[in-house]
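Engineer: turn this into a structure:
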Amino acid sequence: MKIKGCGTFVLTFICIWNFASSSVCTKWGHMCKDDRTLIHCAKHNNRWMESVYQQCDANFKCNKVTNSCVPNYAVGVRFDCESDGLFPDPYQCGTYYVCYWDGGALHKIFAHCPNGQWFSPVSSRCSVEEFKPNPCPRNFNCEYPGQVSVWPRNRNIYYICAMNNDHSLYPKLFRCSDEMIFNGAECVKPRCEC
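Structural biologist: The predicted structure is shown next:
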């Protein structure tokens, strides 16, 4: 993803020279101009101006609800933040989510690894050494709503299967506190295998 920037926000937007008149802007902030272009809108001298903020990469599209580049998934695929931390994308190996608290609510940032790297649930970072089967394996098994299981290769992460509005199942990922693991029922301190 290519992000453009040019200045700082003080009380007004400083970098007006990268802006052009806009016929699509109706409010200040980021918005999708089309399926692949995210723009920043600002009002200057009572005119709406726009500047290209980000071009969505291949296999991504600009989501008009979140005003961000998101994976071009099939309907029914979703990810909800249930706790803070880094989480592997259940559907793609080269992407992950950053979940964080802000203003009393959980927020998420979708991120993808550089080309040739996959997200490692073990190290919680992008890696070229990460095992890369082709195609990317499905790391969860949802057979019924409420099913609970540990995430493969990282016992600090677990998931509970939930049902979408279209009756498809998807995993809700959770993370135990630091130095805790999920034993199938709850987060516990790991036993010393001395």
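Engineer: from here on, just use CA atoms for contacts and neighbour counts.
Structural biologist: Fine.
Engineer: lowest-pLDDT helix or strand in the chain?
Structural biologist: The helix or strand of the chain with the poorest confidence is strand 2-3; it has a mean of 40 (mean pLDDT, DSSP states H and E).
Engineer: quick one: list the elements packing against the helix or strand just after that one.
Structural biologist: Past strand 2-3, further along toward the C-terminus, the next helix or strand under DSSP states H and E is strand 20-21. Counting contacts by 3 or more Cα pairs under 8 Å, 6 or more residues apart in numbering; DSSP states H and E, strand 20-21 packs against strand 47-55.
Engineer: format the CA atom coordinates belonging to the strand it packs on as CSV.
Structural biologist: C-alpha atoms of strand 47-55 as CSV (Å, rounded to 0.1, in the frame of the first residue of the first chain):
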residue,chain,number,x,y,z
ARG,A,47,-14.3,24.5,-1.4
TRP,A,48,-13.9,20.7,-0.9
MET,A,49,-10.4,19.5,-1.9
GLU,A,50,-9.1,16.0,-2.2
SER,A,51,-5.7,14.3,-2.2
VAL,A,52,-4.9,10.7,-2.9
TYR,A,53,-4.0,9.1,0.4
GLN,A,54,-3.6,5.5,-0.5
GLN,A,55,-3.9,3.1,-3.5
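Engineer: so for it, what gets flagged as buried?
Structural biologist: Neighbour-count burial for strand 47-55 flags 48-55 (criterion: 16 or more other Cα atoms under 10 Å).
Engineer: and the next element down the chain from that strand?
Structural biologist: Beyond strand 47-55 on the C-terminal side, the first helix or strand identified by DSSP H and E is strand 60-63.
Engineer: helix or strand for the residue nearest to residue 173 when sequence neighbours are not counted, which one?
Structural biologist: For residue 173, ignoring the flanking residues on the chain, the nearest one in space by Cα to Cα, 6 or more residues apart in numbering is residue 159 at 4.4 Å. Secondary structure from DSSP H and E places residue 159 in strand 154-163.
Engineer: partners of that strand, with directions?
Structural biologist: The partner list of strand 154-163 in its sheet, established with DSSP bridges, is strand 148-151 (antiparallel), strand 169-175 (antiparallel).
Engineer: contacts only, for the closest residue to residue 187 other than its chain neighbours.
Structural biologist: Leaving aside its sequence neighbours, residue 187 sits nearest to residue 181 (Cα to Cα, 6+ apart; 5.2 Å). Residue 181 sits next to 155-157, 187-190 when contact means Cα atoms under 8 Å, 6 or more residues apart in numbering.
Engineer: distance of residue 181 relative to residue 156?
Structural biologist: Here residue 181 is placed at a distance of 4 Å from residue 156 (Cα to Cα, to the nearest Å).
Engineer: centre-most residue in the protein?
Structural biologist: residue 110 (1.9 Å; Cα atoms, centre = their mean).
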